[in-house]
Each structure stands twice: as structure tokens, then as C-alpha cells.
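1. how would this look folded up:
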Amino acid sequence: MKQQLISDLDEFLTFIKSLDTLKDGIWFAPLSEGKWRIYDIVTHIMKWDDYFNNVTFPILAQRELSELREHHDYLGYNEQSIQYGKGRTKKEIIDETIQNRLIMISNLIKLEDNKFSALYLGDRGFTLTSYMTEFFTSHDKHHMKQIQDFLVTRASQMARYRTFLA
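-> Now for the predicted structure:
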């Protein structure tokens with residue numbers, strides 16, 4: 001359980017590192033009209049990792065009967081995350097994302113195995129595993145698929161454009 005969760009969280013690191021080679025035109029392009037850019041998505045995930053590391057994890061590590069619940073204003077926090085990313089370069093965002101995820105993984109490795117299956121207080125009765133799956137690993141996979149689909153579509157469009165010019 002713990003090892004699978006850590007492996008899933010680590011999978012996102014490999015994905016983020018692969019985005020380092022993207023041209024800025026792709027990195028800063030919206031996925032579609034009115035949607036976030038890859039840059040926004042990565043910043044958003046990076047800030048949620050930061051929130052876990054600095055708010056959620058210290059409570060889990062210190063208290064036996066901790067609470068695990070959804071953020072009270074996740075939409076507001078998402079907007080704050082996007083604002084945080086403004087003016088930062090791709091390298092800065094990727095590096096900070098990697099650093100935050102490595103801290104998260106390191107923190108989870110330090111926890112006793114029983115903390116992953118214990119039922120925590122809160123409105124939805126999460127275990128640490130169910131919490132991390134819903135708000136991190138499933139969330140990662142959702143956004144990774146969005147980005148991958150966008151990149152495939154963009155590559156296809158560019159290939160058609162090159163064929164048209166040939």
C-alpha cells in the first residue's frame with residue numbers, strides 16, 4: 001500500500017522531467033480556449049504538494065488522531081497557485097515542482113506503515129492512502145492525461161501543417 005503510493009507519486013516526477021524539453025510556445029499555450037496552460041497545471045500541482053508538505057504532513061506526523069479533509073477553499077487555492085506561477089520561468093516551476101514532490105515522498109517514507117491504513121477524523125473518513133489517491137495520484141494522472149492529449153494533438157496539427165507546406 002505505502003510502496004505503491006510512493007511509486008505512483010514518483011511516476012509524476014518522471015513526467016515533469018520530460019516536460020523540460022518543451023518549447024515555451026507549447027509550455028505557455030492554453031490546452032484549449034479558456035483553459036489552463038501546461039505551466040498553470042504544473043504550478044497548480046506543485047502548490048498542492050507544497051500545501052501537503054507544509055500544512056497537512058506536519059499535522060499527520062505530530063498527532064495520533066489527525067484530521068484529513070478537503071481544503072475548505074480549493075478553488076481559491078487553485079487561483080492562488082496560478083497567481084504564484086506568474087512571472088516564473090519553466091525551469092523555476094519544474095525545479096520547484098520536483099523539489100516539492102521529493103519532499104512529499106520523503107515525508108511519506110518516514111511515516112509508519114499503520115498511518116496509511118488508519119481511519120482519520122474528518123468529514124469523509126479518509127485513510128492516508130485514500131486521501132493521497134484521491135487528491136494526489138488520481139489528480140496527477142488526470143492532469144498528465146490532459147497534457148499528453150494536448151501534446152499529441154499539437155504534434156498531429158504540426159505534422160499536418162508541415163505536410164501542407166511541403
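2. measure the spatially most central residue of the chain to Lys2 for me?
-> Most central in the chain under C-alpha atoms, centre = their mean is Ile45, positioned 3.0 Å from the mean C-alpha point. In this view, Ile45 and Lys2 are 21 Å apart by C-beta to C-beta, to the nearest Å. All C-beta spots, glycine's among them, are computed from the backbone N, C-alpha and C.
3. Over to Gln148?
-> Counting by C-beta to C-beta, the gap from Gln148 to Lys2 is 27 Å.
4. Can you give the distance from the least confident helix or strand in the chain by mean pLDDT to the centre of its chain?
-> The helix or strand of the chain with the lowest confidence, counting by mean pLDDT, DSSP states H and E, is helix 138-165 at a mean of 83. When distances are taken as C-alpha atoms, centre = their mean, to the nearest Å, helix 138-165 is centred 19 Å away from the chain's centroid.
5. Likewise for stretch 120-140?
-> On C-alpha atoms, centre = their mean, the centre of stretch 120-140 falls 14 Å from the chain's centre.
6. So for it, what gets flagged as buried?
-> Within stretch 120-140, the residues scored as buried using 16 or more other C-beta atoms under 10 Å are 120, 126-133, 135-137, 139-140.
7. can you give me the helices in this structure?
-> Per DSSP state H, the chain carries helices over the ranges 2-18, 24-27, 38-51, 57-62, 74-85, 90-110, 114-117, 128-132, 138-165.
8. could you give the mean pLDDT of the fifth one?
-> Per-residue confidence for helix 74-85 averages out to 92 on the pLDDT scale.
9. repeat for the first one
-> Averaged across helix 2-18, pLDDT comes to 95.
10. Could you do stretch 101-110 as well?
-> 96.
11. Point out the most buried one among the helices of the chain.
-> helix 38-51 (a mean of 22; mean count of other C-beta atoms under 10 Å).
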